[in-house]
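What follows is a predicted protein model with its sequence.
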Amino acid sequence: MQGTQKSLPLAIVRGEPVKQLPADLFIPPEALEVFLESFEGPLDLLLYLIRKQKLDVVELPIWPVTEQYLEYINLLQGSRVELAADYLVMAATLAEIKSRLLLPRPELEDEDEEDPRAQLIRQLKAYEVIKEAQERLDDLPRLERDVFQAKATPADNIKPVLLPPQVSLTDIARAFGSVLKRIEATEHHHVKREVLSTRERMSQILAMLDGEEYLPFEALFDVNEGRSGVVVSFLALMELIKELLVDLRQSEPFSTIYVKAY
């Protein structure tokens with residue numbers, strides 16, 4: 001059976017096998033270097049040859065694989081491509097295995113002797129497992145290769161718009177009650193004053209809001225005015241909101257109320 005092994009064609013052109021390279025065929029060394037660099041080592045090249053011929057790694061038909069491997073090596077060397085030592089070692093290993101299989105075995109030789117291909121088959125099987133795992137990982141979507149993160153830079157003439165928080169009248173009333181409690185906690189004495197005017201306080205608030213900054217509600221009255229000062233200031237503020245003269249902001253319930261004039 002060994003004598004009937006046929007050399008595989010180098011290529012199939014228009015349905016016809018090509019067993020010899022044309023004499024005038026020019027293959028630039030750069031192309032062969034790219035071909036060699038596409039493999040990760042001699043095992044990768046050997047596995048490529050086996051898969052290319054749709055052969056079984058376990059059986060490892062040493063003759064056709066060795067012949068093709070040596071043809072590649074000779075072609076690369078003939079084109080003055082520097083080969084790594086690993087590729088030459090693999091070529092020598094294949095040639096040795098082939099010669100051992102061709103030599104007649106003595107009849108008295110131990111039948112349990114390991115097949116000369118066994119060690120190489122184990123290496124190929126282990127490498128094939130790693131190669132298949134690598135291919136499965138490479139098939140997974142990869143950022144900046146298969147999927148891309150959307151990026152957008154806003155135009156210079158676009159400015160962010162701050163939307164006021166959704167605060168209900170109940171939230172404002174609770175915040176007002178919190179202010180009253182803080183006023184009571186800081187009252188040390190009571191001073192009788194004349195009855196405060198809501199209209200007068202409205203004018204005072206507008207005068208204090210003569211600017212572009214927000215002021216906290218506590219800054220619109222004097223702590224010494226007590227509860228009546230807080231109530232009058234709050235009523236004046238409600239009137240100003242009704243007349244669209246001030247803007248009111250509150251980041252969250254029970255937080256500080258901020259006021260600014262339009």
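Happy to help now that I have it.

Run a quick neighbour tally on the closest residue to residue 117 other than its chain neighbours.
In this structure, residue 117 finds its nearest non-sequential neighbour in residue 60, 5.0 Å apart by C-beta to C-beta, 6 or more residues apart in numbering. For every residue, glycine as well, the C-beta is placed using N, CA and C. For residue 60, the count of nearby residues is 19 (other C-beta atoms under 10 Å).

list the contacts for residue 60?
50, 117, 120-121, 124 (C-beta atoms under 8 Å, 6 or more residues apart in numbering).

So among those, which ones count as buried?
Among these, those scoring as buried are 50, 117, 120, 124 (criterion: 16 or more other C-beta atoms under 10 Å).

Surely the last one touches residue 47?
Yes. Counting by C-beta atoms under 8 Å, residue 124 sits close enough to residue 47 to count as a contact (6.2 Å).

quick one: common contacting residues for those two?
Common contacts of residue 124 and residue 47 (C-beta under 8 Å, 6+ apart): residue 57.

Would you mind listing the outside residues contacting stretch 148-168?
Under the criterion C-beta under 8 Å, 6+ apart, residues 143, 249-253 lie in contact with stretch 148-168.

need the residues you listed in JSON lines with secondary structure, can you?
Listed next are the contacts of stretch 148-168 as JSON lines, based on DSSP: H, G, I helix; E, B strand; the rest coil:
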{"residue": "143", "secondary structure": "strand"}
{"residue": "249", "secondary structure": "strand"}
{"residue": "250", "secondary structure": "coil"}
{"residue": "251", "secondary structure": "coil"}
{"residue": "252", "secondary structure": "coil"}
{"residue": "253", "secondary structure": "coil"}
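
Now, of these, which are buried?
residue 250.

tell me the strands in this protein, going along the chain?
Taking DSSP state E as the criterion, the chain carries its strands at 11-13, 16-18, 215-216, 246-249, 258-261.

hang on, the earlier thing: among the contacts of residue 60, which two are most distant?
Across these, the longest distance by C-beta to C-beta is 12.1 Å; it joins 50 and 117.

How far off centre is the longest helix along the chain?
Using DSSP state H, we find that the single longest helix of the chain is helix 118-139. Relative to its chain's centre, helix 118-139 lies at 27 Å (C-alpha atoms, centre = their mean, to the nearest Å).

quick one: buried residues of it?
Neighbour counts over helix 118-139 (16+ other C-beta under 10 Å) mark 120, 124, 127, 131 as buried.

just checking, what packs against that helix?
Applying 3 or more C-beta pairs under 8 Å, 6 or more residues apart in numbering; DSSP states H and E, one finds that helix 118-139 makes contact with helix 42-52, helix 85-102.

tilt between that helix and helix 42-52?
Interaxial angle of helix 118-139 relative to helix 42-52 (axes from the mean of the first three to the mean of the last three C-alpha atoms, to 10 degrees): 80 degrees.

For helix 118-139, C-alpha coordinates in PDB please.
Extracted C-alpha coordinates of helix 118-139, given in PDB (Å, rounded to 0.1, in the frame of the first residue of the first chain):
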ATOM      1  CA  ALA A 118       2.000   8.500  18.100                       C
ATOM      2  CA  GLN A 119       3.800  11.400  19.700                       C
ATOM      3  CA  LEU A 120       3.200  13.800  16.800                       C
ATOM      4  CA  ILE A 121      -0.500  12.800  16.700                       C
ATOM      5  CA  ARG A 122      -0.800  13.700  20.400                       C
ATOM      6  CA  GLN A 123       0.800  17.100  19.800                       C
ATOM      7  CA  LEU A 124      -1.500  17.700  16.800                       C
ATOM      8  CA  LYS A 125      -4.700  16.700  18.700                       C
ATOM      9  CA  ALA A 126      -3.800  19.000  21.600                       C
ATOM     10  CA  TYR A 127      -3.000  21.800  19.300                       C
ATOM     11  CA  GLU A 128      -6.200  21.200  17.300                       C
ATOM     12  CA  VAL A 129      -8.300  21.600  20.600                       C
ATOM     13  CA  ILE A 130      -6.500  24.900  21.300                       C
ATOM     14  CA  LYS A 131      -7.000  26.000  17.600                       C
ATOM     15  CA  GLU A 132     -10.700  25.300  17.700                       C
ATOM     16  CA  ALA A 133     -11.200  27.100  21.000                       C
ATOM     17  CA  GLN A 134      -9.300  30.100  19.500                       C
ATOM     18  CA  GLU A 135     -11.500  30.100  16.400                       C
ATOM     19  CA  ARG A 136     -14.700  30.000  18.600                       C
ATOM     20  CA  LEU A 137     -13.400  32.900  20.600                       C
ATOM     21  CA  ASP A 138     -12.500  34.800  17.400                       C
ATOM     22  CA  ASP A 139     -16.100  34.300  16.200                       C
END
